[in-house]
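Visitor: I'd like to go over a predicted model; first the sequence, then the structure.
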Amino acid sequence: MDVDALGRRLRKQFPGRDGELDLLLSLLGEPEDPSPPGIFVYGPSATGKSTIVRELFAQYDPAGQQYALVNCVECFTSRLLFERVLNAWAGHVPNRENKYANVAKSDTSVDFVAHARTMLKGRRGTHYIVLDQAERLRDRGPMLLTVLLRLSELTGAQVSVVMISNVVWDKFRPRHGGAVDPIQVYFSYYTKQHVLEILASDCPDDEPREFFLTFVDAVYEVFHRNCVDLSELRHLVALLYPKFVQPVFEGQATRNEFARLFKLCQPYFVAATDKLYLREISTSEWQRNSVKASAKTNPDDITNSIYGMAEVGDGLDLPYYTKFLLISAYLASYNPSRLDVQFFSRGKGNASKRRRHKTSADDSLGSSNRQQLLGPKSFGIERMLAIFYSIIAEPVDSSVDVQTQMASLITLRLLTKVSAGDRLDSINCKCNVSLETIRAVARSVRFEIDRFLHDFS
Amino acid sequence: MPSSQRPGSCMIDASSIQHARRLVLDRLHGRTQLPELIGLETPLDLVHSLLDRTISSQEGNTALLIGPRGSGKSAIVERVLNMLAEKHTDRADSRRYHIVRLNGFVHTNDRIALRDIATQLLIEQDLGDVLVGSFADAFTYILNLLRSSGADGEMPPVIFILEEFDLLAQHPKQSLLYTLFDIAQSQQTPIAVLGVSARIDVIDLLEKRVKSRFSHRQIYVQNTANLEDFEGIARTALRINCADEKLSAAFSNEFNHQVDNVLADEQVSAYISDVFDFGKDVRQLLRTFVLAVSHLSIRSPFIVVSDVLAAIARERSSAKMLVLSNISLLELCLIIAMRSLVKGGNTKYNFEMIYNEYKSFMSRHITAATSGGSMKIYKKSVALKAFETLVGLEIVRPATITISSASNSRNDLLAGSVQGTRAPKEYRMVQLMLEPGQVSDLVGERAGVPVVIRRWSQQ
C-alpha cells in the first residue's frame, strides 16, 4: 500500500491538517509495521478529529477488517463495545439472515481477550480499535481503559487503540496507574485562512466564490469572538447567506455594493445571530418564516418577525392563583426569611425601623454571595403559603385547592421538592424558575415583583 | 541524508531501512524485548532459577516480584519465560510444562480466573457442573484432569504468573491465592506461583491463612539507579545489532553512529536527565523517540536530532494549554472572571456569579475601551453556551464530587439534574481547573486580546 499517496490524497481533502495527517500516518506506517499500543487524538471540537480519523482508516484499510470504529456514546456498556469490535474484526454484520447475532458473546473483558486472542491468531498486520468520544470510557469501570491499552500484551497480537476525545489525557489517566500513556496527537484550531478554505466548499454552485467568501469573512469576524466552533459558523453562514443575497435578486443592490448589502442584512445579523446560535429558532422554522420577511420591508418588521419566531408562546399558562403561588415560591426562595415581616406585614407602623435593619445587613447589593447569584434556597411550604396569602389582594376563595396546585407545580418541575419523598408534613421546596420567567408571570397578573425582591439587580 | 553525499557510506536500500525501522519501533512500543536488560541481572537470575527448579526438579515455589511501574518487572518475566522455553525445548515431548497467566485487571473475580485457568491449560471439557462447587475442589479437579492427560500419569509442572497481584488479592476470601499457595506448599504437585505487583505493601493484603502458606520470597526490582544506565536503556533500544544478517554491517554501524550522535546532543541529554529526575519512567523516555524513528525512510535513513527535539517539545508542552490556546474571546473572559472570583476569596462559584463578575467588569470598562472596538457584553444565554463549552473541555468542573460517585457524576453538569433536588445548571457550583499563573500565560501568549482584557488578567 502506498502511504505517501494516501497522505497526499488526504491532505488535499482536508485543508489545514497537514501536520496532524503526517503525524498519524507516520505512526501507522505500512500495514505490517509495528504501531503504538495507544494513540490519543485530542483537540477542541470541530477540528476534524473524528472525520479525519474515520476517513484515514477507510482509505488505509479498504477491506475494513483490520479496524473497528466504535462510538462510545452508542456503545454504552463494555459488552456492546467488545461485541462491536469483534464483529468488525471478523467482518460480520448483524442482519436478518443471521438473526442479528454477534460473532461472539463477550460479557467481560476476559471473554473479550480470549475471543480476540483466538480471532487474531495467525492474522497479519495491526488491528485497530478506534474509539470516538473516548471520554465516556472513564465511566465504564476503572479497568476498561487499562485493559484496552494493554490489549497487545494480553492477547499476544498486534492491537492498537486509537482514542478520540476533546478532553486532555491528564483527565483519563487511571488512578491505579497501570495504563501506559498513549502517544498524543493534537488537532489544533483552524486558522482563519483554513476556515475560509473549508467554507468555500459550502459555496452554492450558482454563486460567485469570491462574493461568498467575502460574506464568510465578515461573519467570521463578527462571530469568532464568542464561538470558534467551525460547525456553528457553517450553520450560521448557511442560514444567513440567502438573506444576504436576496436584495440582489430583488433588484435593490448589485453584487458590488457590499456595504449596502450589509446594511440591508444588518437586522438579520443583529437579531438572528444570537437566536440562531442558541438554536432558539430551529433551522426549518427559520427557512419557512424568513421568506415572509423580506429586506424590502421595514427593518423593524424583520426584527419583530424574528423575535416572533423565537417566542416560545407563553410557556407558563397557569391558572391565576397558581401564578401567585409560583411568585410566592420565588420570593420564598430568594428572600431571606428574616425580612419577611418587613416586606409582607400589613401593619405599616414600624416600617422605617425595619428598613434600617436591612441596610445594615452584610449581604447588601453587589456582594458575590447574594441569593440571586447563589440560586434558589429551599423553604418550608408553610412560609410560602404565608407569603401567598399576604401578597394576594383579595381573600382566596376557599374552593381553590392550594395543595393540589402545589402538587401540579412540582409535577411541572417549577418547584422541586428537596425533602424526602415519603414525608407528608413540613415539606421543603425550591423554586426552579428564572428571574425573566417570574417577571413575565408577575406582569401577567399585574404584580410588581421587583418591589418585593431583596438585593436584586 | 542521501547516501551519495556521504563519502565512504554504505549502500542503502529500502528493505534494510524498513527492517531497521520495524526492529526499533517494536522495541519502543514495548512489543519486543530490549536485547539486554540493564541493571536487572540479580532479579532476573533469581526468578529464572526459581522457575527453572520447578520445571527440572519438580519443586513447588512461590515468590513475589515487586517493583515500581515501568521498572522492568514484566520484561524480567518475559525474558525468563523465553529462556525457559529455549532451555527446555530439547526435552522429549515439546512442552513438558504449562504456563498460566492471570492479570488482575482482567480477572476481576475468582470464578472468571478459574475459567480462564482451565482454558489456558487446554482443557476442553465442559466445566459447567464443576464450577458450582468450592474453588479448591474445582481447581483440584482441573489439576487431576491435567495429570491424567500427562504421558505417564505424572503431573507436568505448571507456572502461574499473576500480574497485578494486588488486585487479585482483593478478591473476596482470596480463595484463588489460598488454593494456589496451598498446592505449591504441599509436595505432590509441582507448581510455581510468581506474583507481580507494583505495591510495596502487597504482602499485607494477604489474609493470615494465605500469608502462612506463602514462602515469603520477595524479589525487588529497583528503578534504574543512575543516569548512565538510564541513558543506556535508550541506547540499547535504539541501536541495531551489527550481527543482524538482514542488514549490512556498514549500514548498522552508520545507524548506530547516528544514534550515538543524537544521544550526545546537549538538549536530548538534558531531556533524558529531566525524565530521570522526575520519574525514571523508561516508557516515557522511549516514547519520545517513536516519532523520530517512524520518520525513517529512504530519504532520511538515520535518526535526525531535529525530529527528536520536535518530539521533546511536544512531550513538554501542556495539553491543557494547547486546547485552550485559541478559545473564543468570550470563553477567555469567563476564565478570567473565574480567576478574579478566586482572587476575591471564593473557592466555589456558579455561572451566575461568573457572569455577574464578567458583566460588572465589562460595563465598567467598555466605554473606556476605545481600542477594544467591537467588544460588547454578550447576553447571558450566549455566555452560558460558551461556559458549557468550557465544561465540555473539563476545564471547569463541578465542585461537589465525592470520590465514591466521581465516575458517575463526572459530567452531570451537562447531563441535567439527575435527581430532582439538584439546582438548575446556572447555580451549580464549579471550579476552574487552572492555576492563576496559567490564566495569565494564556492571555499573554495570545495575539489580538483587547488591552482592557489583558489588563484585567494581570490585576
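Guide: Thanks, I have the structure now. Everything numeric here is computed off the predicted structure, so don't read it as measured data. Numbers count the residues shown, from 1 in each chain, chains lettered A, B, ... in the order given.

Visitor: Retrieve the pLDDT associated with residue B:80.
Guide: As predicted, residue B:80 sits at a pLDDT of 92.

Visitor: Could you tell me which residues make contact with it?
Guide: Applying CB atoms under 8 Å, 6 or more residues apart in numbering or on different chains, we find residue B:80 in contact with B:44, B:47, B:48, B:51. (Each C-beta comes from the backbone N, C-alpha and C, glycine too.)

Visitor: now do residue A:227
Guide: Counting by CB under 8 Å, 6+ apart, residue A:227 has contacts A:233, A:277, B:328, B:330, B:385, B:386, B:389.

Visitor: again, only this time at 7 Å
Guide: Counting by CB atoms under 7 Å, 6 or more residues apart in numbering or on different chains, residue A:227 makes contact with A:277, B:328, B:386.

Visitor: Kindly report the same for residue B:433.
Guide: B:394, B:395, B:396, B:397.

Visitor: Let's see if you can find the most crowded of these.
Guide: Of the contacts of residue B:433, residue B:396 is surrounded by the most neighbours, 25 neighbours in total, counting by other CB atoms under 10 Å in any protein chain shown.

Visitor: Pairing partners for it in the sheet, please.
Guide: residue B:432 (DSSP bridges).

Visitor: so how far is chain A from it?
Guide: Per CB to the nearest CB, to the nearest Å, residue B:396 is found 12 Å from chain A.

Visitor: Show me chain B divided up by domain.
Guide: B:3-31+B:225-316, B:41-220, B:323-458 (automatic domain parsing).

Visitor: among the ones you listed, which is nearest residue A:154?
Guide: Of all those, domain B:41-220 sits nearest to residue A:154, with 6.3 Å by CB to CB.

Visitor: hang on, residue A:128 in a strand?
Guide: Yes. According to DSSP: H, G, I helix; E, B strand; the rest coil, residue A:128 belongs to a strand.

Visitor: Next, count neighbours for the closest residue to it other than its chain neighbours.
Guide: Once flanking residues are discounted, residue A:128 sits nearest to residue A:67: 3.9 Å by CB to CB, 6 or more residues apart in numbering or on different chains. Using other CB under 10 Å, residue A:67 is surrounded by 24 other residues.

Visitor: what residues are up against residue A:67?
Guide: A:57, A:61, A:128, A:130.

Visitor: Among the residues you listed, which one sits closest to chain B?
Guide: residue A:128 (13.8 Å; CB to the nearest CB).

Visitor: so what's the closest one bridging to?
Guide: With DSSP bridges as the rule, residue A:128 is bridged to residue A:67, residue A:160.

Visitor: Please name the residues that touch it.
Guide: Per CB under 7 Å, 6+ apart, neighbours of residue A:128: A:57, A:66, A:67, A:160, A:162.

Visitor: Can you say which of these are buried?
Guide: A:57, A:66, A:67, A:160, A:162 (16 or more other CB atoms under 10 Å in any protein chain shown).

Visitor: Looking at these, which has the smallest pLDDT value?
Guide: Minimum confidence in those sits at residue A:66, scoring 89.

Visitor: and of the domains of chain B, who's closest to residue A:179?
Guide: domain B:41-220 (9.2 Å).

Visitor: ok so, going back, confidence-wise, which of the contacts of residue A:67 comes last?
Guide: Among these, residue A:61 carries the weakest pLDDT, at 88.

Visitor: any idea how far chain A is from residue B:356?
Guide: Taken as CB to the nearest CB, the span from residue B:356 to chain A is 6 Å.

Visitor: residues near that residue, how many?
Guide: 21.

Visitor: could the contacts of residue B:80 go into CSV alongside neighbour count, pLDDT and secondary structure?
Guide: Formatted as CSV, the contacts of residue B:80 follow (neighbours: other CB atoms under 10 Å in any protein chain shown; pLDDT from 0 to 100; DSSP: H, G, I helix; E, B strand; the rest coil):
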residue, neighbour count, pLDDT, secondary structure
B:44, 19, 92, helix
B:47, 25, 93, helix
B:48, 17, 93, helix
B:51, 25, 91, helix
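
Visitor: which residues touch the residue in the stretch 351-459 of chain B that chain A sits nearest to?
Guide: Among all residues of the stretch 351-459 of chain B, residue B:427 sits closest to chain A, at 2.7 Å; criterion: CB to the nearest CB. Residue B:427 makes contact with A:374, A:375, B:350, B:352 under the criterion CB under 7 Å, 6+ apart.

Visitor: one more time with 8 Å, if that's ok
Guide: A:374, A:375, A:376, B:350, B:351, B:352.

Visitor: what do you get for residue B:268?
Guide: Counted by CB under 8 Å, 6+ apart, residue B:268 has contacts B:262, B:305, B:308, B:309, B:312.

Visitor: So among the residues you listed, which ones count as buried?
Guide: B:262, B:305, B:308, B:309, B:312.

Visitor: Adding distance to residue A:104 and pLDDT, write those residues out as TSV.
Guide: Listed next are these as TSV, based on distance: CB to CB, whole Å; pLDDT from 0 to 100:
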residue	distance to residue A:104	pLDDT
B:262	46	91
B:305	48	90
B:308	43	91
B:309	46	92
B:312	43	91
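
Visitor: closest to residue A:415 among those residues?
Guide: Nearest to residue A:415 among those, with distances taken as CB to CB, is residue B:312, at 58.2 Å.
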